[in-house]
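K.L.:
take this sequence and fold it.
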Amino acid sequence: MIRKHTPEDLDSIMNIWLHSSTLAHPFLDATFVDKVNHDMRTMYIPGSETWVYIEDNTIVGFISMIGNEIGGLFVLPNHHSKGIGSQLVNFIKGFHEELEVEVFEKNVIGRAFYDKYGFKLLNTYMHDQSNQEVMRLKFNY
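P.N.:
Residues are numbered from 1 along each chain as shown. Prediction:
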């Protein structure tokens, strides 16, 4: 089941983000991760339209949207490759004519998902705060 998040979901969302981000982003500096953790809790989740995926009464994934941009798409690692990410993207596609997302070039997991889904490269740039190359992708349907 997919539903809009509530403030009570924040701890579950943060837990999913921490476990998934640790797996997908081992190349990120701990100081940067700590800052993102704080910003996720105080700015990004409260300032975005976030939907959660629930399985057996437990939140196992979420997608956060800022306009037509996927600000975050994370699924608990033990629930990867079960179609949850695709279901979340399919759900939010109904609200947007096109989707964009940014993914770290070294994020093999995220890049494989977006490539399989059909996102195409728009450009790349150096993300100053993380000192990492970022890919901006777009999906038209």
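K.L.:
let me know the outermost residue of this protein.
P.N.:
Largest separation from the mean C-alpha position in the chain: Asp56, at 21.5 Å (Cα atoms, centre = their mean).
K.L.:
element containing Val36?
P.N.:
In this assignment (DSSP states H and E), Val36 forms part of helix 30-39.
K.L.:
which residues are contacting that helix?
P.N.:
With Cβ atoms under 8 Å, 6 or more residues apart in numbering as the test, helix 30-39 has contacts from 14, 17-18, 21, 25, 129-130. No exception for glycine: its C-beta is placed from N, CA and C like everyone else's.
K.L.:
kindly recompute the last result at 6 Å.
P.N.:
Contact with helix 30-39 is made by Ser130, as judged by Cβ atoms under 6 Å, 6 or more residues apart in numbering.
K.L.:
average pLDDT for the helix or strand following that helix?
P.N.:
Using DSSP H and E, the helix or strand that follows helix 30-39 in sequence is strand 49-55. For strand 49-55, the mean pLDDT works out to 97.
K.L.:
use 17 as the first number from now on
P.N.:
Sounds good: first residue 17 from here, last item strand 65-71.
K.L.:
could you list the buried residues of the helix holding Val52?
P.N.:
Within helix 46-55, the residues that count as buried by 16 or more other Cβ atoms under 10 Å are Val52.
K.L.:
stretch 87-107 now?
P.N.:
87-92, 95-96, 100-101, 104-105.
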